[in-house]
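Novice: Got a predicted structure plus its sequence, pasted below:
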Amino acid sequence: MTYLSGSTTETLSENTVLRISEIQSMNQNTIAEELDRAFQPDQTQPPAANRQTRLLRLSEPVNISLEQNGTPIGLDQYGRLTSAVQAGIVTLTLAMAPDYSVIGFNINETSKQANPLKDYGTPETGSVYRQRVVLERTQDGRNLKTNRDANCIRWVEVTERIVNENGESGMVVKMFLACLQRQKGPFFLIFQEMFSEEIIVWKGELRIPGCRRIKMWAEVAKFLESHLAPMIGQWNFREREDVEATTDQTDDEIAATLGENEGVIKWYSKRMGKGPAITKMGLARVSWQDIEEVRPDGFRYFMKGDKVRFHQILQTNTEQALKSQRPTEFKWELTGVVLA
């Protein structure tokens, strides 16, 4: 296995480093009560599940770590923080293997424009990106919270893959996100793959049509297209004439297959704790507070394409919602949501 050999990992033995390659495909049968018992601290001899690690290895070339005031923050096997944190700055560090080429960036939540992050690494040690996350007290002073607009690092990788049933290969861009988040409990270091789309050449220019079709990713697509344009002629981008061609089902086509209390998750952001579901009534917001099932990692979330059942679909009052702590642009909201 290829791991970083720079200063980021020199002080860590093989026994203190945890590898996680399939963080999103865990056994769904584990219940929250068992998790809570399993992670009760043992002051004498902590079991393997309690063992702290200073590094979360999501795949061979990608390492993520946290520290506060120069002290590494411990993590369990699900990314749950096992070290105490205080109000102030937590530094989230994303380190890449030397032969792993990626682009690190973040998004301005107002303009949706993507901005590249400074690379603190070298060609010898690999790219290193850092994000300062501010932990501040909630209004009642009892808990800590993060600013959702500045609690994460995003990065993309570009690889050549088979892109259709005919066996044709092309260049595919994947975007990932790592963020610090909580849901009425301990903080988690969360990892999520946000999208995977083919990059094509259209009229001599790069396009990522799958991202451009989604409003929230349109500016990201333009950012990536400009950064990757110099690779035309060097990488195996497929040329296409119809940039809008897609075989994806429309929302209406998916809705036609659903029952009255069924939905399909269109996308879900662990960072924001919400996402839309396609229903017969239209798009409806799903918030983590309305998800009844706790995942084995102790977090509540869905993934794109999940089929769900819900107890109620309620019409939201946008004017009231904007004044509340849970504003929404969606007309509908689901409650009592579970995997179908």
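Specialist: Sure thing, it's come through.
Novice: And the host helix or strand of Val308, how far out from the chain middle?
Specialist: For Val308, the element it lies in under DSSP states H and E is strand 307-309. Remark: strand 307-309 is offset 21 Å from the chain centroid, using CA atoms, centre = their mean, to the nearest Å.
Novice: Given it, what are its sheet partners and their directions?
Specialist: strand 262-265 (antiparallel), strand 338-339 (antiparallel) (DSSP bridges).
Novice: which one of the ones you listed is the most hemmed in?
Specialist: strand 262-265 (a mean of 22; mean count of other CB atoms under 10 Å). The C-beta positions use only the backbone N, C-alpha and C, and glycine is treated the same way.
Novice: residues making contact with stretch 117-124?
Specialist: Identification of contacts with stretch 117-124 by CB atoms under 8 Å, 6 or more residues apart in numbering yields 6, 95-96, 98, 104-106, 127-131, 153.
Novice: JSON lines for those, including pLDDT?
Specialist: Conversion of the contacts of stretch 117-124 to JSON lines gives the following (pLDDT from 0 to 100):
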{"residue": "Gly6", "pLDDT": "28"}
{"residue": "Ala95", "pLDDT": "90"}
{"residue": "Met96", "pLDDT": "87"}
{"residue": "Pro98", "pLDDT": "82"}
{"residue": "Gly104", "pLDDT": "89"}
{"residue": "Phe105", "pLDDT": "89"}
{"residue": "Asn106", "pLDDT": "87"}
{"residue": "Ser127", "pLDDT": "89"}
{"residue": "Val128", "pLDDT": "93"}
{"residue": "Tyr129", "pLDDT": "93"}
{"residue": "Arg130", "pLDDT": "93"}
{"residue": "Gln131", "pLDDT": "92"}
{"residue": "Ile153", "pLDDT": "91"}
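Novice: so which helix or strand takes in the residue most central in space within the chain?
Specialist: Centroid check for the chain by CA atoms, centre = their mean gives Gln192 as the closest residue, at 2.7 Å. Assigned by DSSP H and E, Gln192 belongs to strand 187-202.
Novice: How about Glu67?
Specialist: Here Glu67 is assigned to strand 62-68, by DSSP H and E.
Novice: quick one on the thing from earlier: give me the helices and strands touching the strand holding Gln192, please.
Specialist: Packed against strand 187-202, as judged by 3 or more CB pairs under 8 Å, 6 or more residues apart in numbering; DSSP states H and E, are the following elements: strand 56-59, strand 62-68, strand 169-182, strand 205-207, helix 209-212, helix 218-228, strand 238-239.
Novice: Return the distance of it from the chain's centre.
Specialist: 8 Å.
Novice: And that strand, what's buried?
Specialist: Residues 187-192, 194-195, 197-202 are the ones in strand 187-202 that count as buried (16 or more other CB atoms under 10 Å).
Novice: ok, Trp202 - contacts?
Specialist: Pro209, Glu239, Arg240, Glu241, Val243.
Novice: what about the second one, neighbour count?
Specialist: The local packing count at Glu239 equals 11, with neighbours defined by other CB atoms under 10 Å.
Novice: and it, what are its bridge partners?
Specialist: Here Glu239 shows beta-bridge partners Val201, assigned using DSSP bridges.
Novice: Quick check, it in contact with Val201.
Specialist: Yes. With contact defined as CB atoms under 8 Å, Glu239 reaches Val201; the gap is 4.6 Å.
Novice: shared neighbours, those two?
Specialist: Joint contacts of Glu239 and Val201 (CB under 8 Å, 6+ apart) do not exist.
Novice: one step back: which strand residues bridge the residue nearest to the centre of the chain?
Specialist: Taking DSSP bridges as the rule, Gln192 bridges to Leu177.
Novice: Distance check, it against Ser226.
Specialist: As judged by CB to CB, to the nearest Å, Gln192 and Ser226 stand 25 Å apart.
Novice: and what of Lys274?
Specialist: 30 Å.
Novice: More neighbours: which of the two?
Specialist: Lys274 (22 against 12).
Novice: How many neighbouring residues does the nearest residue in space to that one that is not next to it in sequence have?
Specialist: Leaving aside its sequence neighbours, Lys274 sits nearest to Ser287 (CB to CB, 6 or more residues apart in numbering; 4.7 Å). Look at Ser287: counted by other CB under 10 Å, it has 17 neighbours.
Novice: wait, Ser287 sits on Gly273?
Specialist: Yes. At 6.3 Å, Ser287 and Gly273 qualify as touching, with contact defined as CB under 8 Å.
Novice: mind checking pLDDT for the closest residue to Arg271 other than its chain neighbours?
Specialist: Using CB to CB, 6+ apart and skipping the chain neighbours, the partner closest in space to Arg271 is Cys179 (4.6 Å). Note on Cys179: pLDDT of 91.
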